[in-house]
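Trainee: 3D model of this:
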Amino acid sequence: MEIDNKLKILKSLDTKSLIARIQHYEDDLEHVLREQASFKDINREYLTSGMSTDCQEVKRILAELATQGPPAESGKKLTAAERDVWLQKQRTENDELAASINRQKSIAFLLENNEISIEMVRRRLEGARALLALRTGQINFLAS
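Mentor: Numbering: from 1, shown residues only. Take a look at the predicted model:
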C-alpha cells in the first residue's frame, strides 16, 4: 500500500475526535458519580441498608410508636403479636410514618434512575475505548 493511501486512511480514522469523546464520557461519568454521592449524602436517613427494608427515619418513627404503644383495652397489656399487628397498621394510619415510607420509596426510585444513568455512561465510555483500541490496531497495521 502506498504512503499516500495510508496517510489518507489515517486521517479518516479521526482519532482526535474519538479521544475528545472519551474525555467527555469520562467527565460525564465523574459528574453522575458525584451527583449520586451528593444525593446519597443528602438523603441518607431515607436509604435502606443491609437486610432491612426500612430506612433510618422509618425505624425511628416505628421505635417511637412502639414505646407509646396502642391504647390498652380494659387495662390489659397487649401481647407481642398484637403490638406487631398494631405497628403494621400504623404504616398506613400514621401520617408521619406513611409520609416517610413514601419518601423512602421515591428516594429509592430516584437512586435507581441515577444508577441506570451511571451504567449508560459507563457503557458509552467502554464502547468508545473499544473503538479506540480498534483504531490503534488499525494504525499499527498501517504503520507496518
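Trainee: now stretch 109-129: buried residues?
Mentor: Within stretch 109-129, the residues scored as buried using 16 or more other CB atoms under 10 Å are 111, 114, 117-118, 121, 124-125, 128. Every residue, glycine included, has its C-beta placed from N, CA and C.
Trainee: that stretch - what's its average pLDDT?
Mentor: For stretch 109-129, mean pLDDT rounds to 96.
Trainee: could you pull out the helices in this structure for me?
Mentor: Applying DSSP state H to the chain gives helices spanning 3-13, 15-42, 56-68, 80-93, 95-143.
Trainee: so which residue is smack in the middle of this structure?
Mentor: Glu115 (3.2 Å; CA atoms, centre = their mean).
Trainee: number of nearby residues for the residue nearest to that one when sequence neighbours are not counted?
Mentor: Among residues not flanking Glu115 along the chain, Gln36 sits closest, at 7.3 Å (CB to CB, 6 or more residues apart in numbering). For Gln36, the neighbour count with other CB atoms under 10 Å is 15.
Trainee: so what's Gln36 up against?
Mentor: 111, 114-115, 118 (CB atoms under 8 Å, 6 or more residues apart in numbering).
Trainee: which residue is the nearest non-sequential neighbour of Leu65?
Mentor: Gln90 (5.4 Å).
Trainee: what number of residues lie near Asp14?
Mentor: With other CB under 10 Å as criterion, Asp14 counts 11.
Trainee: where does pLDDT dip in the chain?
Mentor: 1, 71-75 (pLDDT under 70).
Trainee: switch to 90 and redo it
Mentor: When residues are selected by pLDDT under 90, those of the chain lie in 1-15, 48-54, 66-86, 138-144.
Trainee: so what's the backbone phi/psi at Asp54?
Mentor: The phi and psi values for Asp54, taken as degrees, to the nearest 10, are phi -100, psi 140.
Trainee: and it, what is it in contact with?
Mentor: So Asp54 contacts 48, 62, 104 (CB under 8 Å, 6+ apart).
Trainee: the second one: what's it in contact with?
Mentor: With contact set as CB under 8 Å, 6+ apart, Leu62 has these partners: 54, 87, 90, 97.
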